[in-house]
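Enquirer: using only what follows, build the 3D model:
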Amino acid sequence: MTASSLRYLIKEGLRNTWTNRMMSVASICVLLSCLVLIGSASMMFLNVNSLIDRIEDENVIMVYIKDDTDDAAITAMGEQLKGMSNVAEVEFVSKEKAWADQLKTMEDAQAKFFTEISTDIPLPDAYKVTVQDLNQFGATVKAIKKLDNIDTIRQNTDLAKKLDTISRGVSIIAIIIIAVLFAISLFIISNTIKITVYSRRLEISIMKSVGATNSFVRLPFVVEGVVIGILSGVLSLGVVWLVYNLAVNQFADLFNTMRIAPLNFTNYALIMLGAFVGIGVLSGVGGSLITMRRYLNKEGSEISAI
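Expert: As a prediction, the model looks like this:
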């Protein structure tokens, strides 16, 4: 196929998109609806995962050190904790700091009472250990218990297991919903394009009768699919952006009460735009190719019926 023929076919595809604008609008509306659902579901699950991650950050292991442990042993314990494979962060919490923080949570009279009756600090030094993989939480706790000079360990294995289960469940549900919506969009757009191709079957028959190749006939429809996919992707991003901002404003009081900061949509806008355009083009072009394959095999006899 020459460059001039390619330019001609691309122009024909763009012209056909406008000429058959009612069907193009119908295809865009169908694809836009599916993409908006996919985008809304994605933002919802991203926020849920973000919330789970914040809870995971609070689900740490507190390692309390024996009172008679010297500074060198405390430092050595910190190095051992940092060297463990599943440990993301280790923070030393001195008993002075822990006691000062504890006093801040008390009423003034209560805090004054505890400071006046004794100068001794009733808390031990400790290490605050943050784990990387909650699935290995139990194994990490067992490894920490083997260290020397440990008084007690405070941890919540049950919460870690529940968070890990929730995180996996959210990911699986998100993948299933997005996959189902994509399959539905591909099916609907394919049927919409099928109607478009059927309404132009005489045009295809004439082209085939004069010797046009399958690729020559198919390319304008592929161009239409690309145009429909790009327009659907861009419009869908705008709609999802609007819906997300409306939802955030609507539930602003709830977020403030729970001290939750929703994700900033602009951080995901370019990624979502690329995904939307990719899904839109894939659906449009895929629907065109699937439908055209059948019609190209049987068309060519339509002109004989005239």
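
Enquirer: buried residues in the helix or strand Arg54 falls within, which are they?
Expert: Applying DSSP states H and E as the criterion places Arg54 in helix 21-58. Buried residues in helix 21-58, counted by 16 or more other Cβ atoms under 10 Å: 23-24, 26-28, 30-43, 45-49, 51-52, 56. No exception for glycine: its C-beta is placed from N, CA and C like everyone else's.

Enquirer: and the helices in the stretch 201-306 of the chain, which stretches?
Expert: For the stretch 201-306 of the chain, applying DSSP state H, counting those that start in this stretch gives helices covering 201-209, 214-250, 252-257, 266-298.

Enquirer: give me the number of residues near Glu91?
Expert: 12 (other Cβ atoms under 10 Å).

Enquirer: and the one 5 residues further on, by the same measure?
Expert: Neighbouring residues of Glu96 were enumerated by other Cβ under 10 Å; the total is 11.

Enquirer: how close does it get to Val226?
Expert: Per Cβ to Cβ, to the nearest Å, Glu96 is found 66 Å from Val226.

Enquirer: likewise for Met23?
Expert: Between Met23 and Val226 the computed distance is 15 Å (Cβ to Cβ).

Enquirer: quick one, what contacts Phe92?
Expert: For Phe92, the contacting residues are Ile74, Gly78, Asp125, Ala126, Tyr127, Lys128, by Cβ atoms under 8 Å, 6 or more residues apart in numbering.

Enquirer: quick one: list the elements packing against the helix or strand where the second one lies.
Expert: Pointing back at Gly78 there. Per DSSP H and E, Gly78 falls inside helix 71-82. If you count contacts as 3 or more Cβ pairs under 8 Å, 6 or more residues apart in numbering; DSSP states H and E, helix 71-82 packs onto strand 61-65, strand 87-93, strand 126-131.

Enquirer: that helix versus strand 126-131: what angle between them?
Expert: 10 degrees (axes from the mean of the first three to the mean of the last three Cα atoms, to 10 degrees).

Enquirer: mind starting the numbering at 430 from now?
Expert: Fine by me, first position is 430 from now on; the one you just mentioned is helix 500-511.

Enquirer: would you mark the buried spots in helix 500-511?
Expert: For helix 500-511, the neighbour count (16+ other Cβ under 10 Å) marks Ile503, Met506, Gly507, Gln509, Leu510 as buried.

Enquirer: now do that helix, average pLDDT.
Expert: Mean per-residue pLDDT for helix 500-511: 90.

Enquirer: so that helix versus strand 516-522, what angle?
Expert: Using the same axes, to 10 degrees: helix 500-511 against strand 516-522 is 160 degrees.

Enquirer: helix 500-511: how far from the chain's middle?
Expert: Here helix 500-511 is found 39 Å from its chain centre; the criterion is Cα atoms, centre = their mean, to the nearest Å.

Enquirer: hmm, who's touching it?
Expert: Taking Cβ under 8 Å, 6+ apart as the rule, helix 500-511 contacts 492, 494, 498, 516, 519, 521, 554, 556, 558, 573, 576-579.

Enquirer: quick one: which of those is nearest Ile606?
Expert: Comparing the contacts of helix 500-511 against Ile606 with Cβ to Cβ places Val516 closest, at 34.5 Å.

Enquirer: about what we covered before: of the helices of the stretch 630-735 of the chain, which is nearest Leu443?
Expert: helix 643-679 (6.4 Å).

Enquirer: packing partners of that closest one?
Expert: Where contact means 3+ Cβ pairs under 8 Å, 6+ apart, helix 643-679 is packed against helix 432-448, helix 450-487, helix 586-628, helix 630-638, helix 695-727.

Enquirer: that one to helix 450-487, inter-axis angle?
Expert: Orientation check (the same axes, to 10 degrees): helix 643-679 against helix 450-487 gives 50 degrees.

Enquirer: ok and helix 643-679 relative to helix 630-638, angle-wise?
Expert: 140 degrees.

Enquirer: mean confidence for helix 643-679?
Expert: 84.

Enquirer: residues contacting the residue nearest to Leu711 when sequence neighbours are not counted?
Expert: Ranked by Cβ to Cβ, 6 or more residues apart in numbering and with sequence neighbours excluded, the top spatial neighbour of Leu711 is Gly658, at 7.1 Å. Shown in contact with Gly658 (Cβ under 8 Å, 6+ apart): Leu460, Val706, Ile708, Gly709, Val710, Leu711, Ser712, Gly713, Val714.
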